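[1] need coordinates for the below:
(12 chains)
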Number of protein chains: 12
Amino acid sequence: MSCRVLVLNGPNLNLLGTRETDVYGTATLDSILGDVRAMAAEHGVDVYDIQSNSEGELIDALQEARTRADGVIFNPGAYTHYSIALRDAIASISVPVVETHLSNVHSREEFRHTSVVSAVCLGVVAGFGADSYLVAFEALRRHLSHQASPTARTD
Amino acid sequence: MSCRVLVLNGPNLNLLGTRETDVYGTATLDSILGDVRAMAAEHGVDVYDIQSNSEGELIDALQEARTRADGVIFNPGAYTHYSIALRDAIASISVPVVETHLSNVHSREEFRHTSVVSAVCLGVVAGFGADSYLVAFEALRRHLSHQASPTARTD
Amino acid sequence: MSCRVLVLNGPNLNLLGTRETDVYGTATLDSILGDVRAMAAEHGVDVYDIQSNSEGELIDALQEARTRADGVIFNPGAYTHYSIALRDAIASISVPVVETHLSNVHSREEFRHTSVVSAVCLGVVAGFGADSYLVAFEALRRHLSHQASPTARTD
Amino acid sequence: MSCRVLVLNGPNLNLLGTRETDVYGTATLDSILGDVRAMAAEHGVDVYDIQSNSEGELIDALQEARTRADGVIFNPGAYTHYSIALRDAIASISVPVVETHLSNVHSREEFRHTSVVSAVCLGVVAGFGADSYLVAFEALRRHLSHQASPTARTD
Amino acid sequence: MSCRVLVLNGPNLNLLGTRETDVYGTATLDSILGDVRAMAAEHGVDVYDIQSNSEGELIDALQEARTRADGVIFNPGAYTHYSIALRDAIASISVPVVETHLSNVHSREEFRHTSVVSAVCLGVVAGFGADSYLVAFEALRRHLSHQASPTARTD
Amino acid sequence: MSCRVLVLNGPNLNLLGTRETDVYGTATLDSILGDVRAMAAEHGVDVYDIQSNSEGELIDALQEARTRADGVIFNPGAYTHYSIALRDAIASISVPVVETHLSNVHSREEFRHTSVVSAVCLGVVAGFGADSYLVAFEALRRHLSHQASPTARTD
Amino acid sequence: MSCRVLVLNGPNLNLLGTRETDVYGTATLDSILGDVRAMAAEHGVDVYDIQSNSEGELIDALQEARTRADGVIFNPGAYTHYSIALRDAIASISVPVVETHLSNVHSREEFRHTSVVSAVCLGVVAGFGADSYLVAFEALRRHLSHQASPTARTD
Amino acid sequence: MSCRVLVLNGPNLNLLGTRETDVYGTATLDSILGDVRAMAAEHGVDVYDIQSNSEGELIDALQEARTRADGVIFNPGAYTHYSIALRDAIASISVPVVETHLSNVHSREEFRHTSVVSAVCLGVVAGFGADSYLVAFEALRRHLSHQASPTARTD
Amino acid sequence: MSCRVLVLNGPNLNLLGTRETDVYGTATLDSILGDVRAMAAEHGVDVYDIQSNSEGELIDALQEARTRADGVIFNPGAYTHYSIALRDAIASISVPVVETHLSNVHSREEFRHTSVVSAVCLGVVAGFGADSYLVAFEALRRHLSHQASPTARTD
Amino acid sequence: MSCRVLVLNGPNLNLLGTRETDVYGTATLDSILGDVRAMAAEHGVDVYDIQSNSEGELIDALQEARTRADGVIFNPGAYTHYSIALRDAIASISVPVVETHLSNVHSREEFRHTSVVSAVCLGVVAGFGADSYLVAFEALRRHLSHQASPTARTD
Amino acid sequence: MSCRVLVLNGPNLNLLGTRETDVYGTATLDSILGDVRAMAAEHGVDVYDIQSNSEGELIDALQEARTRADGVIFNPGAYTHYSIALRDAIASISVPVVETHLSNVHSREEFRHTSVVSAVCLGVVAGFGADSYLVAFEALRRHLSHQASPTARTD
Amino acid sequence: MSCRVLVLNGPNLNLLGTRETDVYGTATLDSILGDVRAMAAEHGVDVYDIQSNSEGELIDALQEARTRADGVIFNPGAYTHYSIALRDAIASISVPVVETHLSNVHSREEFRHTSVVSAVCLGVVAGFGADSYLVAFEALRRHLSHQASPTARTD
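    Numbering: from 1, shown residues only, chains lettered A, B, ... in the order given. The predicted structure is shown next:
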């Protein structure tokens, strides 16, 4: 299968491995992305990644993914809980999006139990630490392999 | 009447004509803006437009409109439902703002029935697809023409 | 474009310009209709109007509009808040109906915030005083001009 | 049995067969009435019908039925949900009235679950599409045949 | 005193004397109106009356009373309990309106205890059967005689 | 018609014309009673009046009215809101009682909206100031004149 | 046993046998009192009775009973439901008081379910029609016979 | 200071000194009034008193006090808790009223904690047994002496 | 009568006459105490006073009053609303305490309507401004004079 | 074990044995402290005690206990229910504190069921009358004996 | 600027630096006050300080500050949450008070989120440990320097 | 001390001095920043500032501050009330952040009483107008000076 996947990370995830390591673990975003890339390479899948703290730039990236990616692994960070604009962005593209979280958001503070984006994602993978990204990749890869003809990509 | 109007568009509206065309129609934002510009030209009104997926850039544009525009046609997209910062921005400028929506928000999901910005806008035009913009322009143009001396503009 | 539009006005709107002028303005219904007719003439659109205090006659007018009009500008007045029969009438005809209000109903008494007809209308124009009708006409005219073959009319 | 029955239809029912056919079926009011008339003829019952969108005219028809009919099959349409005036009209005549609906109103929108007229009707037949009228006729015919001396009629 | 009074009757009141005579008495509307006219004649007051089962026609009559009558005796019947349109009509005319009921509404069903029109009427007379009209006339006549210059009438 | 009417006034009404004249007007109870007597004399009706601040004396007066009066005009004052004993007294006599109020109680304090006596009265006259008594008299006089044989009176 | 009992009757009970006979029966207060007296004579008990519509006079009678009676049979009528003053009067005398009602007040209107005097009475007898008084006498007689030395009486 | 004071006592207070002496003390009302009179005489103040078990007579006394007294010491007894008529009477006279209680009502039953008259009284004195009256007199006397010109009295 | 009275004042009352004079009047605590002392001297009563902002010192003063005073006039200020310790102190001494307030607390802020000390005081005097202290003294003096043998005092 | 214990008593406990003996018993605080001292002597424990009515002084004593005592037996009296300041004082010292009450506070008035200090105490002993202090001592002694090295004391 | 500032500290703050140092830091109150004094000296401001565990002594200090200080830095400690007496004291003086806390109360226990004094203070400084005092001094100094004529001080 | 501080301002704060000057004062953001810079210069502290209407840019600025600043003075404007992403950004950096508000938010609209960022800030300074920034600087400067080795900065 030859395709391309976007790993999209929301606010503050660029600080992974440096902050609240008891919650998020010590892996940096770079090492996680390295692992995803290695796993993807085994399956002939190309990976590119974007991290932004800006709700607007994340929307930009999702929009761009329409023509640049076959699927998205998306960790929306804190925007998960209130960004209807991100929800709309996901809903407006045909590329499948897998919502991904390092921690089990349901076992944390009450205000982290609500996700306004889950409803328009393909599925959710949460709670496995750095592994969440690898598992999400696996989930996305399998989904894509089931599709007879992957979403047309223009580049 | 010689004046200038800002057409301001919120998140995901750049995808107009390509997404959920059953809801939003097939017109692209560019074609809509072209139509507004053409209509405006007939009335000697200058139009400039800004689209951003970023809440902050939309606030920037509203603030800048204080000195650059005589009125604003604003489609806040999903921010309609939760951006108190946009509400504050509209409330803090004296330029009249017409809230505009492509779809009839009252016939969609429950959570799209609430607007945190309506109360500080001049009026509302909703449900006419791409035409909502032209209609909103008409409403704004008429409002401005009733004013003896248009809002002072510095450029 | 050769078509015909019904401007339909509900209860007590025949008193416009004579009652509660601080809320509704001093324009009479006749002057407003004159303005709509003038604007319509410029576009080769025929306008006829009906004002009735009767719920049934308003339904009759909406039904008759199926074959007599290509679109309706409708200000339901107090019936806005409780006439399910008017709602059904709008829903049962294919002619587009634009709900129109002189005042910004969201900034008035609580019991005027509920509309039982909005959900089945094409769109809403509210808050521009007498201009609301002209703006609503513009919205309707444009909507109609987009339709390849206007709704068949029998007269 | 020689008697006369009024089939009374409320707002928007004149559009049957032309609107929302998924809900109401494709039979027109005329074809339904034809079927009722045919069935009635077999039993020597005379049928006349009135349809009106006006609450007032429906009240007129019910009042007139006092001297013109032995029974009424009445589909009050949307007035079912709020017209206490129709309720009073039914209550004020001695002619038995059978409330009739094409659809099962209880399986539709919440606001269609309330009937202010049922309490003063002889009975209710709802949910059988066009057949509702035939069933209602059967119900009414049986009721009338049980009465030793039918309600005196003046014409 | 030379003036004119409208006696306005709502739905089903034309059946007075023929229905639920235990509640409403045996006097017909005609006989009641005859009595009011006779009493009025003694005071040099002109009386005209309108009965309608239609909410809209009742609004028409109230509006027309602005220029045709100095006062109104109004029995809104069942509309008493839900017609915001009638309330708006009463509120929008300067002619004094006396709410009148044949029966004591407070000793009947719960849903007849609410009046949406009382708050905008001059006063209330209820419970005296046919006499309620004569008594309401007396109340209105006295009110008008206290006014230095009666409401201007155009005919 | 030769009959007798009791005008019964409850607590603090003897102070009429001297307290809270903005609410109750400047007419004293004596002047009101004088007007009622004059009007009654014209109809050959005898009037006697009782004012008491005592609940028990008001009950006595109502009971005595069974044999001494043909009807009662009763303004229960503050007792209107809590005297079940007065309610029972009214309910236990066959003499018709007209509840009368100077002001429109529905437009005053919330706790004055409840009447425990209305349900057992013949009718209500409210809102016409001092005229309320005259109007109530008219209502009562007419009611009595309709009765073939007036309630037996022992004196 | 030589003693004296007061039968005390509250508001409107003097009308017994003449009002609402479906609720209270056809026995007059006099016939009931005659029956009580006859039964009392058999036991050598002297009976005297007082009826008053006045809360104050009933308090007077209870107070006087301190020195004039050995027990009281008391039907407080409507005062049962709100007279704390009667409660205090009963509480302030040492003479035993039996609360008595003809009807079963708990099976009547909601507002008749509350008694503010029961708590300070010796006991309650209710629901046996005229027999309630005889049963109450029996209850009181037995209570008094249990007392070694009856309450001292001064006359 | 030459003025006159009414000492007004409500229901059951005539039994003072004979009932519930643990709560109210052993002083009789007569001895209390004698003490008040003696104290008043020292200040050249005339005292008259009224005791009644009747709500109405208490209202009478309050009304009469308008022209007969310069101030009132009022112990409403049990009426404290429910007599809106007494409240209205106090509110309708300009004579200052001092609410007075023998016992500390706050340390008794819950239902004695509510006063419907306190809000319209000058002040409250409670809990000093018979002395409450003397203390209330002292409070009233001082209040009156502060007034430049005492309330006009007509006798 | 030879006895001693403590006038005890709670927090912020030392500022009397200097703060919120519209609520508390312009009399200083010193002038009030001077008046109390003068009045007491006339009765041969010794007065000492303590003002403290400290809850503990107020409790100390109340306890010390057991042996040093025959009675207490106590204005607990803001502690009235929450000091259970002061309540317990009052409850634990046999010296009578008169709760005193300058203003009518029932006509002020809601949170000042609750007193946790009233229930354990001898009585309450409130609403007479600076006179409240003199009146409270009078109440206390009289209470003490009734006691055969005053509470033993050790000094 | 050689150590020192503070027995700390809050407001009004100095009155033990003299007040409300039905609740608190007849033992004086001195006799209780004597018993505690005797029991402590048997275990070679030194006891000192402080009683204060002042919240502040109790805080002072708790603070001083840091260096002067190995444990505290504390009866906070009424402060138990609202003194967060005492709670903070207990929390801020490392010396173990045993909350002690003579009565079972949970079986008394509702407002005595809440303790704001329990959460920061070692444990609670309540309801054994004077024995509560001995039991608390026993509990504290055992706790201290379990500690390998008692809290360092500086004097 | 020559003025004087009171630094007022509530309960348990004398233990600063010795208790819960993880929450409050290791600085003692003395060292903090020394720092404030040094800073104040640089601005020619005189500082005096009071610490007390007693609510009453804190009120004393606030009252004294009326004439002795131009401003107050106040850390009410635990009293922040329930002392209405302290609130009244702050409200009754015209000297500006800056509420100050060492810790960030919003990140601690729920019951520490409520302040009954904030509403009557000039502003709040919280969360900077010992520096909160210096910062509060800076805020107060600046506030005072903006005032043309500082609050009059009598010493 | 050689260090650098970021003054970070959220949405609409660039309009300071031009909008709602009654609430926010007339100082512009530039003049406030000038004052902060001048004060900082005195302490050898470098100040840089960022104002952004964008939530993402504010997060960027907070993250960048990790290596570029030793502390942050942050006025989040309207984002205070809903930006969980800003809260997470503050929580994820070790640089101390001082939440700053010009006005006393506790005395404004209810929806401005909630802060989602306070709990993760070092402290709060609010209510001193433009001085709030200077005071916040002072708080931050002092906090930084206490740290042995300031947060490593990369530029």
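
[2] quick one: is the helix or strand of chain A with the lowest mean pLDDT near chain L?
    Every helix and strand in chain A was compared by mean pLDDT, DSSP states H and E; the lowest is helix A:21-24, with a mean of 74. No. Using CB under 8 Å from any CB of the partner chain, helix A:21-24 stays clear of chain L, coming no nearer than 9.2 Å. Every C-beta, even on glycine, is put in place using the N, C-alpha and C of the backbone.

[3] residues of the following helix or strand past that helix that come out buried?
    Proceeding C-terminally, helix A:21-24 gives way to helix A:29-42 as the next helix or strand, assigned by DSSP states H and E. Neighbour-count burial for helix A:29-42 flags A:29, A:32-33, A:35-37, A:39-40 (criterion: 16 or more other CB atoms under 10 Å in any protein chain shown).

[4] count the residues that sit near whichever residue of chain A sits closest to chain C.
    Nearest to chain C in chain A, going by CB to the nearest CB, is A:Asp88, at a distance of 20.0 Å. A:Asp88 sits with 24 neighbouring residues when counted by other CB atoms under 10 Å in any protein chain shown.

[5] my read is it is in a helix, agree?
    Yes. Counting by DSSP: H, G, I helix; E, B strand; the rest coil, A:Asp88 is located in a helix.

[6] what's near enough to touch A:Ala61?
    When contacts are counted by CB atoms under 8 Å, 6 or more residues apart in numbering or on different chains, A:Ala61 touches A:6, A:8, A:50, A:52.

[7] ok, and the most crowded of these?
    Ranking the contacts of A:Ala61 using other CB under 10 Å puts A:Leu8 first, with 24 neighbours.

[8] tell me the secondary structure at that one.
    Following three-state DSSP, we place A:Leu8 in the strand state.

[9] hey, what's it bridged with?
    A:Ile50, A:Phe74 (DSSP bridges).

[10] neighbours around the residue of chain A at minimum distance from chain B, how many?
    For chain A, the residue closest to chain B is A:Gly56, as judged by CB to the nearest CB, at 2.7 Å. For A:Gly56, the neighbour count with other CB under 10 Å is 24.

[11] in JSON lines: the buried residues of helix A:29-42, plus pLDDT and distance to chain I.
    Formatted as JSON lines, those follow (pLDDT from 0 to 100; distance: CB to the nearest CB, whole Å):
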{"residue": "A:Leu29", "pLDDT": "94", "distance to chain I": "54"}
{"residue": "A:Ile32", "pLDDT": "94", "distance to chain I": "56"}
{"residue": "A:Leu33", "pLDDT": "95", "distance to chain I": "59"}
{"residue": "A:Asp35", "pLDDT": "94", "distance to chain I": "61"}
{"residue": "A:Val36", "pLDDT": "95", "distance to chain I": "61"}
{"residue": "A:Arg37", "pLDDT": "95", "distance to chain I": "65"}
{"residue": "A:Met39", "pLDDT": "93", "distance to chain I": "65"}
{"residue": "A:Ala40", "pLDDT": "94", "distance to chain I": "66"}
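
[12] quick check: A:Val7 vs chain J, distance?
    Look at A:Val7 and chain J: by CB to the nearest CB, to the nearest Å, they are 48 Å apart.

[13] quick one: residues contacting the closest residue to that residue other than its chain neighbours.
    Residue nearest to A:Val7 in three dimensions, not counting chain neighbours: A:Asp49, with 4.2 Å by CB to CB, 6 or more residues apart in numbering or on different chains. A:Asp49 sits next to A:6-9, A:33 when contact means CB under 8 Å, 6+ apart.

[14] please enumerate the helices of chain A.
    Remark: helices assigned in chain A by DSSP state H are A:21-24, A:29-42, A:55-68, A:84-91, A:131-146.

[15] so which of these is nearest H:Gln147?
    With CB to CB, the closest approach to H:Gln147 among the helices of chain A belongs to helix A:84-91: 68.0 Å.

[16] the closest one packs against which elements?
    helix A:55-68 (3 or more CB pairs under 8 Å, 6 or more residues apart in numbering or on different chains; DSSP states H and E).

[17] pull out the buried residues from the helix it packs on.
    A:55-63, A:65-66.

[18] just those residues now: which is nearest G:Arg112?
    A:Glu55 (65.0 Å).

[19] please report how far that closest one lies from chain E.
    Here the criterion is CB to the nearest CB. By it, A:Glu55 lies 43 Å from chain E.

[20] contacts only, for that residue.
    A:79, A:83, A:85-86, B:11, B:53-55, L:55-56, L:85.

[21] can I get the residues you listed in JSON lines including pLDDT and distance to A:Arg112?
    Shown next, in JSON lines, are those (pLDDT from 0 to 100; distance: CB to CB, whole Å):
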{"residue": "A:Tyr79", "pLDDT": "92", "distance to A:Arg112": "12"}
{"residue": "A:Ser83", "pLDDT": "90", "distance to A:Arg112": "14"}
{"residue": "A:Ala85", "pLDDT": "90", "distance to A:Arg112": "19"}
{"residue": "A:Leu86", "pLDDT": "93", "distance to A:Arg112": "16"}
{"residue": "B:Pro11", "pLDDT": "91", "distance to A:Arg112": "23"}
{"residue": "B:Asn53", "pLDDT": "92", "distance to A:Arg112": "24"}
{"residue": "B:Ser54", "pLDDT": "90", "distance to A:Arg112": "24"}
{"residue": "B:Glu55", "pLDDT": "92", "distance to A:Arg112": "21"}
{"residue": "L:Glu55", "pLDDT": "92", "distance to A:Arg112": "18"}
{"residue": "L:Gly56", "pLDDT": "90", "distance to A:Arg112": "20"}
{"residue": "L:Ala85", "pLDDT": "88", "distance to A:Arg112": "12"}
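
[22] what number of residues lie near the closest residue to chain K within chain A?
    Per CB to the nearest CB, A:Glu109 is where chain A lies closest to chain K, at 13.2 Å. Residues lying near A:Glu109 (other CB under 10 Å) number 8.

[23] now A:Val117
    For A:Val117, the count of nearby residues is 23 (other CB under 10 Å).

[24] likewise for A:Thr28?
    15.

[25] what score does the closest residue to A:Leu62 other than its chain neighbours have for pLDDT?
    With sequence-adjacent residues excluded and distances taken as CB to CB, 6+ apart, A:Leu62 is closest to A:Ala89, at 4.4 Å. Per-residue pLDDT puts A:Ala89 at 91.

[26] show me what contacts A:Ala89?
    A:58-59, A:62-63, B:11-12, B:53.

[27] now those residues in a markdown table, with distance to K:Arg141?
    Output for the contacts of A:Ala89, formatted as a markdown table (distance: CB to CB, whole Å):
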| residue | distance to K:Arg141 |
| --- | --- |
| A:Leu58 | 46 |
| A:Ile59 | 48 |
| A:Leu62 | 52 |
| A:Gln63 | 53 |
| B:Pro11 | 47 |
| B:Asn12 | 51 |
| B:Asn53 | 46 |
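
[28] of all those residues, which comes closest to chain I?
    Using CB to the nearest CB, the contacts of A:Ala89 come closest to chain I at B:Pro11, 46.7 Å.

[29] and the closest one, how many neighbours?
    29.

[30] that one against A:Asp88, yeah?
    Yes. Applying CB atoms under 8 Å, one finds B:Pro11 in contact with A:Asp88, separated by 6.6 Å.

[31] between those two, what contacts are shared?
    Residues touching both B:Pro11 and A:Asp88 by CB under 8 Å, 6+ apart: B:77-78.

[32] distance of A:Val117 relative to B:His81?
    14 Å (CB to CB, to the nearest Å).

[33] likewise for A:Ile73?
    A:Ile73 sits 27 Å away from B:His81, going by CB to CB.

[34] and what of A:Asn75?
    According to CB to CB, A:Asn75 stands 23 Å off from B:His81.

[35] what's the burial count for A:Val135?
    Neighbour number of A:Val135 under other CB under 10 Å is 16.

[36] the residue in chain A positioned nearest to chain I: neighbour count?
    For chain A and chain I, the shortest gap (CB to the nearest CB) falls at A:Glu110, measuring 31.3 Å. For A:Glu110, the count of nearby residues is 7 (other CB under 10 Å).

[37] what residues are up against it?
    Applying CB under 8 Å, 6+ apart to A:Glu110 gives no contacts.
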